[in-house]
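Q: okay, structure incoming, though there's no sequence with it:
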């Protein structure tokens with residue numbers, strides 16, 4: 001599986017536009033929403049930290065979903081047909097692609113953390129940085145597998161609209177754009193069950209001196225299992241389609 005992962009990483013490097021989009025848009029949003037203190041009711045220093053986590057997560061999720069959903073192109077050029085001829089089982093193909101996709105989630109996380117330091121003067125203890133960066137990066141793995149599932153199942157006509165709908169829907173309802181505390185109670189109740197909220201909440205807690213809650217960890221793990229199942233199902237369905245053709 002390692003040669004396959006290395007191959008996917010080389011393919012990622014050859015798509016710089018994806019990295020530019022997933023870094024530039026969250027950075028602009030961070031600068032725009034740094035004054036979110038008017039929404040949270042907190043001072044600017046608190047808002048700068050809160051929004052750093054939100055937009056870093058938003059960028060990481062966007063990078064993973066967009067890269068993974070590129071499987072639609074892989075199907076059209078026959079790449080999945082070639083993989084079917086290899087001895088790699090579906091689980092390893094899915095996990096290998098998911099792990100390679102994780103590389104697309106790291107640049108937004110690093111860029112937003114650096115922007116928080118140099119633009120808004122955010123200062124955190126070293127141990128917090130050492131926890132937040134891995135949490136925002138590794139914690140995004142479920143979204144890589146979600147992107148794979150969507151990429152395997154969607155068509156060339158539905159891939160982009162579906163990806164955008166899922167991306168924005170999970171981000172908004174999960175509290176990445178606006179805190180759940182200011183949303184209607186029924187929306188907040190739904191949002192707390194979503195992987196986006198559990199993912200960001202772990203880093204929010206660490207950033208403000210706490211520790212990730214067990215509930216967030218369990219929620220994210222449950223969604224990881226669910227999205228892994230979706231990705232494997234999508235891969236097998238794509239393989240069956242190729243076999244028919």
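A: Right, received. Where do you want to start? Everything quoted here is computed from the prediction, not taken from an experiment.
Q: low-confidence regions, the chain specifically.
A: 1, 4, 7-8, 11-19, 35-43, 68-70, 73-87, 90, 239-245 (pLDDT under 70).
Q: what is the neighbour count of residue 57?
A: By other CB atoms under 10 Å, the residues close to residue 57 number 33. C-beta coordinates here come from the backbone N, C-alpha and C atoms, glycine included.
Q: from residue 71, how far off is it?
A: 23 Å (CB to CB, to the nearest Å).
Q: likewise residue 206?
A: Distance from residue 206 to residue 71, by CB to CB: 33 Å.
Q: among those two, which residue is more densely surrounded?
A: Just comparing residue 206 and residue 71: by other CB under 10 Å the higher neighbour count belongs to residue 71, 25 against 22.
Q: ok, and the closest non-adjacent residue to the more buried one?
A: The shortest distance from residue 71 to any non-neighbouring residue, by CB to CB, 6 or more residues apart in numbering, is to residue 151 (3.1 Å).
Q: before we move on, what about residue 142?
A: Per CB to CB, 6+ apart, closest to residue 142 is residue 224, 4.3 Å.
Q: how about the contacts made by the one residue sitting closest to the centre of the chain?
A: Relative to the mean C-alpha position of the chain, the nearest C-alpha, by CA atoms, centre = their mean, is the one of residue 61, at 2.0 Å. Applying CB atoms under 8 Å, 6 or more residues apart in numbering to residue 61 gives the contacts 105, 140, 143, 167, 170, 171, 196, 199.
Q: which one of those residues is nearest to residue 232?
A: residue 143 (16.1 Å; CB to CB).
Q: how far away is the closest one from residue 112?
A: Distance from residue 143 to residue 112, by CB to CB: 16 Å.
Q: look at the two and report which has more neighbours.
A: residue 143 (30 against 27).
Q: how far does the helix or strand that contains that one sit from the chain's center?
A: Using DSSP states H and E, the element containing residue 143 is helix 141-153. With CA atoms, centre = their mean, to the nearest Å as the basis, helix 141-153 stands 10 Å off its chain's centre.
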